[in-house]
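Enquirer: Sequence plus predicted model, see below.
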Amino acid sequence: MIELYVANAEEADLREGRVIFDRMRAAASAGDTETFFVERVRLHDLWMERCGNVTLHRALIAWLARMSVRRLGVGRREHVERSLIDHERLLIACEERDAPLAAALLRSMTLQGLEVIRRSGLPGLEEEAPPRRTRARAPVRIGDADLVSTDLTE
């Protein structure tokens, strides 16, 4: 989604994102975590609304409506500060039209947020089972070439 936003955002959209971020920063400076999270959601909504893909936008809205973690923000100061830094980096990537960097940052932020939520001790957020290991198969001989196949479905 963020790649689409970067590709489709107009300069006015980028400016609006900066204004929302500035309100996030002001709220964080004032210790107002409720306003910080409201503005954070507003920034993510902007990116989603302006991505240029109506079907994706509708799918994300439906998914977010089912998720109770959308506004689950851990309000401790260090989480707010980390979120502020990460969002500024993401905003700069968007402003510089660097879609791969924006996608990597958003992915990293999402995974970091998941870790924070898991460590919060809320029920139902226990660690998942470790990923399954892959096993290499014997080389397959085709003509004069040896190919190695890896079974990734195990």
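Expert: Received, thanks.
Enquirer: in the helix ranked longest in the chain, what counts as buried?
Expert: Longest helix in the chain, counting residues (DSSP state H): helix 99-119. Going by neighbour count (16 or more other C-beta atoms under 10 Å), the buried part of helix 99-119 is 99, 101, 102, 103, 105, 106, 109, 113, 116. To be clear about C-beta, it is placed using only N, CA and C from the backbone, and glycine gets the same treatment.
Enquirer: Which residue ranges of this protein form strands?
Expert: Along the chain, counting by DSSP state E, strands occupy 135-136, 140-142, 145-147, 150-151.
Enquirer: Average pLDDT for the second one, rounded please.
Expert: Mean pLDDT, computed over strand 140-142, is 45.
Enquirer: Test my guess that residue 50 contacts residue 7.
Expert: No: distance between residue 50 and residue 7: 10.6 Å, which falls outside the contact criterion (C-beta atoms under 8 Å).
Enquirer: who has more neighbours, these two?
Expert: Higher neighbour count among residue 50 and residue 7: residue 50, with 18 against 11, using other C-beta atoms under 10 Å.
Enquirer: mind checking pLDDT for that one?
Expert: pLDDT at residue 50 comes out at 88.
Enquirer: quick one: contacts for residue 27?
Expert: Residue 27 is in contact with 33, 35, 36, 39, counting by C-beta atoms under 8 Å, 6 or more residues apart in numbering.
Enquirer: Pull up the gap between residue 47 and residue 76, please.
Expert: 25 Å (C-beta to C-beta, to the nearest Å).
Enquirer: cool, residue 86 as well?
Expert: For residue 86, the distance to residue 76 - C-beta to C-beta - is 15 Å.
Enquirer: any weak-confidence spans in the chain?
Expert: 54, 56-57, 60-75, 122-154 (pLDDT under 70).
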